[in-house]
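S.K.: can't give you the sequence, but here's the structure:
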């Protein structure tokens, strides 16, 4: 079945892309930062969502908003490689579109996660070789032309997965769509497998020359790539046009969580500006110093989970003297111990500024020290329980219908934002004062009040909350779906809980 999707306008006529041809011939998108690559990919994904299964490798979390409009499953890349490979295999079995978001991971972790996910899709059984559009943004990160600061193992794993996608993926139904800022940084054997090209604005001579070569243009014509406007591309390929064709990408229905910076007038400088800058805030000396350990080749959570599931073999001496059987716990007793360990970890004032992965490792260690039997809690479930615990909800409120609705609404935001959302929802349901920027920032694991305000802006853009002020200028956050709102609260108020914990 031939399906043409509308990508925009070309010389006053609709620019049509043949999806069936694209699945067989693959696509390469190139353009410097700000040229409109992400906009182009979003247009392609939106227009083809109803026709073909889609998988997006998203290093910056820009495409997670597709889940609200088109039902894509969001897969957090902060998992073990075995978990990612299993999810990828089930994605192919059930033909579900998904976004693998790698936001928050360092470059080496992103490469390993992407490699595990792509290999999981590639190794699916033959009966599940349905057509899939595999979009990889910032492909130069996952298929670099030369080695960088990452380990050689990570580079080989990622480059091998990308090569399999572009070179051998067609027979398995995998159609690669790769986007890059720099053609010169992208491995040539990966770029050469694409038969369709969309070239955007480019300034460096080496990239313009490679773009002109791929399009079959004269080197002197390469200067045109410097003059292309944002959202304008030159198309070539069997799925697009048999001759180089300038096209303008059309509008999109969804938007990214991040946006391009806009110019804003500077505030009036106060007279005591030097005192404000050079006089330290007493609170600065109370802030904990967070040191991030370098990533290990194998996550500790893998090792701890494996140790929790396995029982070491008994030696001959141990076999002669069998150990006393460990008493079994009822479901209520086990839950009580789990809750106790979780409370111990979260009662630490510095826990709010440690990553969920680090807290999860400590949680598993403490469970083993207390010999809590049973399979360990998954990282996703642990994150969920941490978010609920940090919200401060009491048992009476947790049993109510309003809190159940709040939990359902929180599923619409990413894991890292659920704690903030539930804390705000708890304040609204209980009629409490709106949390200050400092309190919201601590719930998110940061000291930045500006980032806290951006989080509220993001929730409001998603239609989850409405922010307004009373006649005194105090902030109120309303939840339309809960039919509740917070009491007025000062956005600039200090975080009293954090100050109290520091004093103790």
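M.R.: Right, received. Where do you want to start? Treat the numbers as computed from the prediction; the structure is a model and nothing was measured.
S.K.: flag every buried residue along the helix or strand containing residue 90.
M.R.: Assessed by DSSP states H and E, residue 90 sits inside helix 81-94. For helix 81-94, burial by neighbour count (16 or more other CB atoms under 10 Å) applies to 81, 83, 84, 85, 87, 88, 89, 91, 92. Glycine gets a C-beta too; all of them are placed from N, C-alpha and C.
S.K.: which strands and helices sit next to it?
M.R.: strand 73-76, helix 107-122 (3 or more CB pairs under 8 Å, 6 or more residues apart in numbering; DSSP states H and E).
S.K.: going by neighbour count, list what's buried in the longest strand along the chain.
M.R.: Ordering each strand of the chain by length in residues (DSSP state E) puts strand 241-249 first. Going by neighbour count (16+ other CB under 10 Å), the buried part of strand 241-249 is 241, 244, 245, 246, 247, 248, 249.
S.K.: cool, and stretch 382-392?
M.R.: Within stretch 382-392, the residues scored as buried using 16+ other CB under 10 Å are 382, 383, 384, 386, 387, 388, 389, 390, 391.
S.K.: all helices of the stretch 1-150 of the chain, in order?
M.R.: For the stretch 1-150 of the chain, the helices defined by DSSP state H, counting those that start in this stretch cover 19-25, 37-48, 66-70, 81-94, 107-122, 139-142.
S.K.: now the element after the shortest one, going C-ward?
M.R.: Spelled out, it's helix 139-142. helix 152-163.
S.K.: and the angle for the helix or strand that comes right after that next one with helix 37-48?
M.R.: Counting by DSSP H and E, the next helix or strand C-terminal to helix 152-163 is strand 174-180. Angle of strand 174-180 versus helix 37-48, following axes from the mean of the first three to the mean of the last three CA atoms, to 10 degrees, is 150 degrees.
S.K.: and the following helix or strand past strand 174-180, what does it pack against?
M.R.: Of the helices and strands lying after strand 174-180 in sequence (DSSP H and E), the nearest is helix 188-191. For helix 188-191, the packing partners by 3+ CB pairs under 8 Å, 6+ apart come out as helix 152-163, strand 174-180.
S.K.: try 6 Å
M.R.: Under the contact definition 3 or more CB pairs under 6 Å, 6 or more residues apart in numbering; DSSP states H and E, helix 188-191 sits against no other helix or strand.
S.K.: what does that helix rub up against?
M.R.: 28, 143, 162, 163, 166 (CB atoms under 6 Å, 6 or more residues apart in numbering).
S.K.: average pLDDT for it?
M.R.: Summarised as a single mean, pLDDT over helix 188-191 is 84.
S.K.: in this protein, which helix or strand is least confident?
M.R.: Least confident helix or strand, the chain: helix 316-320 with a mean of 46, by mean pLDDT, DSSP states H and E.
S.K.: if we can go back for a sec, the buried residues of helix 81-94 into TSV, with extra columns for distance to residue 197 and pLDDT?
M.R.: As requested, the buried residues of helix 81-94 are exported to TSV (distance: CB to CB, whole Å; pLDDT from 0 to 100):
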residue	distance to residue 197	pLDDT
81	32	89
83	35	90
84	30	91
85	31	90
87	31	92
88	27	92
89	31	90
91	28	91
92	27	92
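S.K.: which single one of those is nearest to residue 59?
M.R.: Residue 59 has its nearest neighbour among the buried residues of helix 81-94 in residue 84, at 14.5 Å by CB to CB.
S.K.: residues contacting the residue lying closest to the closest one once chain neighbours are set aside?
M.R.: Leaving aside its sequence neighbours, residue 84 sits nearest to residue 116 (CB to CB, 6 or more residues apart in numbering; 4.3 Å). For residue 116, the contacting residues are 81, 84, 85, by CB under 6 Å, 6+ apart.
S.K.: okay, the residues you listed in a markdown table with distance to residue 409 next?
M.R.: As requested, the contacts of residue 116 are exported to a markdown table (distance: CB to CB, whole Å):
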| residue | distance to residue 409 |
| --- | --- |
| 81 | 32 |
| 84 | 27 |
| 85 | 31 |
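S.K.: quick one on the thing from earlier: so which elements touch the longest strand of the chain?
M.R.: Helices and strands touching strand 241-249, by 3+ CB pairs under 6 Å, 6+ apart, are strand 4-10, helix 37-48, strand 232-237.
S.K.: go again using 10 Å as the cut-off
M.R.: For strand 241-249, the packing partners by 3 or more CB pairs under 10 Å, 6 or more residues apart in numbering; DSSP states H and E come out as strand 4-10, strand 13-18, helix 37-48, strand 196-199, helix 205-215, strand 232-237.
S.K.: adding distance to residue 147 and mean pLDDT, write those out as a markdown table.
M.R.: Listed next are the helices and strands packed on strand 241-249 as a markdown table, based on distance: least, CB to CB, whole Å; pLDDT from 0 to 100:
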| stretch | distance to residue 147 | mean pLDDT |
| --- | --- | --- |
| strand 4-10 | 36 | 88 |
| strand 13-18 | 35 | 89 |
| helix 37-48 | 25 | 91 |
| strand 196-199 | 26 | 88 |
| helix 205-215 | 19 | 73 |
| strand 232-237 | 30 | 88 |
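S.K.: nearest to residue 374, of the ones you listed?
M.R.: With CB to CB as the yardstick, what comes closest out of the helices and strands packed on strand 241-249 is helix 37-48 (41.0 Å).
S.K.: okay, and the beta partners of the closest residue in space to residue 40 that isn't next to it in sequence?
M.R.: Once flanking residues are discounted, residue 40 sits nearest to residue 249: 5.0 Å by CB to CB, 6+ apart. Beta-bridge partners recorded for residue 249 (DSSP bridges): residue 8.
S.K.: tell me how far residue 249 lies from residue 217.
M.R.: Noted for residue 249: a distance of 20 Å to residue 217, by CB to CB, to the nearest Å.
S.K.: most packed of the helices and strands packed on strand 241-249?
M.R.: With neighbours taken as mean count of other CB atoms under 10 Å, the helices and strands packed on strand 241-249 reach their highest mean count in strand 196-199, at a mean of 24.
S.K.: looks like residue 386 contacts residue 418 (just checking).
M.R.: Yes - contact status for residue 386 versus residue 418: in contact at 8.9 Å, counting by CB atoms under 10 Å.
S.K.: run through this structure and note the low-pLDDT ranges.
M.R.: Low-confidence segments of the chain (pLDDT under 70): 1-2, 218-220, 222, 257-262, 269-276, 280-329, 349-357, 375-376, 496-504.
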